[in-house]
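1. Kindly return the folded structure for what I paste below:
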Amino acid sequence: MKIVFMGTPDFAVAPLHAMVEAGYEVAAVITQPDKPKGRGKTLMPTPVKEEALKHGLTVYQPIKVRDPEFLSLLKELDPDIIVVAAFGQIIPSAILDLPRFGCINIHASLLPKYRGAAPIQQAVIDGEKESGVTIMKMSTGLDTGDMIAKAVVPLSTDETGGSLFDKLASAGAELLVKTLPSIFDGTAVYEKQPEESPTPYAAMITKQMGLMDFTNSAEKLERLVRGLNPWPSAYTYLNGKTLKVWKSRVGAGEADAEPGSAELDSAEPGTVTAIDKEGIHVACGQGVLVLTEVQLEGKKRMDADAFLRGYSLQPGGKLGNPASV
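-> Residues are numbered from 1 along each chain as shown. Down below sits the predicted model:
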């Protein structure tokens, strides 16, 4: 069977590698154009392009997949199936309908939950106990195609967006190789999705989403910190400078403290209530969040204890957006 693979970031590297190792014929790899990076604006290949070149695969990088020239090229390739993993462009029906077995997608959630661009981070932010991957046949709707196979991945209590990304990439690669034979021999079962998803759409992550609102509960903020690690990271402001928060925990015995309780009577959200070797204790709308690993603007990432040895911060200090403190 002739396969065309479409993918771009690290998440798509594992399934491409797995197909090659399993002996499948990957006729071509489609990925996004190289992008300039660094101070010198050097053009850098996508992770998928790097992987494809390692295996001597043919790579195409169309600016837009709906361009007539690319569509003609794809027709000449005449793939039996197109496998998509985090490609980064909307794929038109002209491509979806082209292969004999259609286009299948590796989606990083247990559909119909978390349709959208950022299911991995959102699962951590929402406090899900498990996530997973779904192999689905693509349709013109957004992640609404028929489901073919799923793999469940439990989340650990300290799961981050980055660690779950790695787990799901591996699970997706394994599930893809297991699922392809059933698609080709006609034994795959296609299950329609309900029209409504049980969870909100997982919108694309932006840097602004990382701004910590201390009127939220400590538990919610702790999940935000983990979900946005390593990118774009949760952050607040300290004396007008950005303070990234890489790790945190809910204050022991304070997770259920309500505003107005003895511990928080005089502490508005964002107020530093204590400084110790454990970290920086910050009052929240409910409970106390302890910042244990931070990075001040222009400085290195470090444990809060090391940070506090070089920065004078006292109980009663305030964290938060300069416009609101």
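
2. Can you name the residues that contact Pro269?
-> Going by Cβ atoms under 8 Å, 6 or more residues apart in numbering, Pro269 touches 214-215, 283-285, 320. (Each C-beta comes from the backbone N, C-alpha and C, glycine too.)

3. mind redoing it with 6 Å?
-> When contacts are counted by Cβ atoms under 6 Å, 6 or more residues apart in numbering, Pro269 touches 214-215, 283-285.

4. May I ask which helix or strand encompasses the closest residue to Ala123 other than its chain neighbours?
-> For Ala123, ignoring the flanking residues on the chain, the nearest one in space by Cβ to Cβ, 6 or more residues apart in numbering is Ser131 at 4.4 Å. Following DSSP states H and E, one finds Ser131 within strand 130-137.

5. tell me, how many neighbours does Val59 end up with?
-> Val59 is flanked by 17 other residues according to other Cβ atoms under 10 Å.

6. Please apply the same query to His55.
-> By the measure other Cβ under 10 Å, the count of residues near His55 is 13.

7. quick revisit: what is the mean pLDDT for the strand holding Ser131?
-> For strand 130-137, mean pLDDT is 98.

8. For the helix or strand of the chain with the lowest mean pLDDT, which strands pair with it and how are they oriented?
-> Scoring the helices and strands of the chain by mean pLDDT, DSSP states H and E places strand 35-37 at the bottom, with a mean of 87. In the sheet, strand 35-37 lines up against strand 42-44 (antiparallel) (DSSP bridges).

9. Packing partners of the next helix or strand after the strand it pairs with?
-> Counting by DSSP H and E, the next helix or strand C-terminal to strand 42-44 is helix 47-54. Judged by 3 or more Cβ pairs under 6 Å, 6 or more residues apart in numbering; DSSP states H and E, the packing partners of helix 47-54 are helix 13-21.

10. List the buried residues of the helix it packs on.
-> 13-20 (16 or more other Cβ atoms under 10 Å).

11. Let's verify the residue nearest to Asn321 when sequence neighbours are not counted: helix, strand, or coil?
-> Leaving aside its chain neighbours, Asn321 sits nearest to Tyr237 (5.8 Å; criterion: Cβ to Cβ, 6+ apart). Secondary structure, DSSP: H, G, I helix; E, B strand; the rest coil: Tyr237 is strand.

12. if we can go back for a sec, who's the residue nearest to Ala123 bridged to?
-> Val153.

13. next SSE after the biggest helix by length in the chain?
-> Counting residues, the longest helix found in the chain (DSSP state H) is helix 161-185. Sequence-wise, the next helix or strand downstream of helix 161-185 (DSSP H and E) is helix 218-227.

14. could you give the angle of that next one to helix 161-185?
-> 60 degrees (axes from the mean of the first three to the mean of the last three Cα atoms, to 10 degrees).

15. Would you mind listing the outside residues contacting helix 218-227?
-> 121, 124-125, 127, 160-161, 212, 234, 245, 248, 250, 284, 287-289.

16. ok, back up a step: buried only: go through the contacts of Pro269 for me.
-> Counted by 16+ other Cβ under 10 Å, the contacts of Pro269 give 214, 283-285 as buried.

17. can those go into JSON lines with extra columns for secondary structure, pLDDT and distance to Val225?
-> JSON lines is the format used below for the buried ones among the contacts of Pro269 (DSSP: H, G, I helix; E, B strand; the rest coil; pLDDT from 0 to 100; distance: Cβ to Cβ, whole Å):
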{"residue": "Phe214", "secondary structure": "coil", "pLDDT": "97", "distance to Val225": "12"}
{"residue": "Ala283", "secondary structure": "strand", "pLDDT": "96", "distance to Val225": "16"}
{"residue": "Cys284", "secondary structure": "coil", "pLDDT": "97", "distance to Val225": "12"}
{"residue": "Gly285", "secondary structure": "coil", "pLDDT": "96", "distance to Val225": "16"}
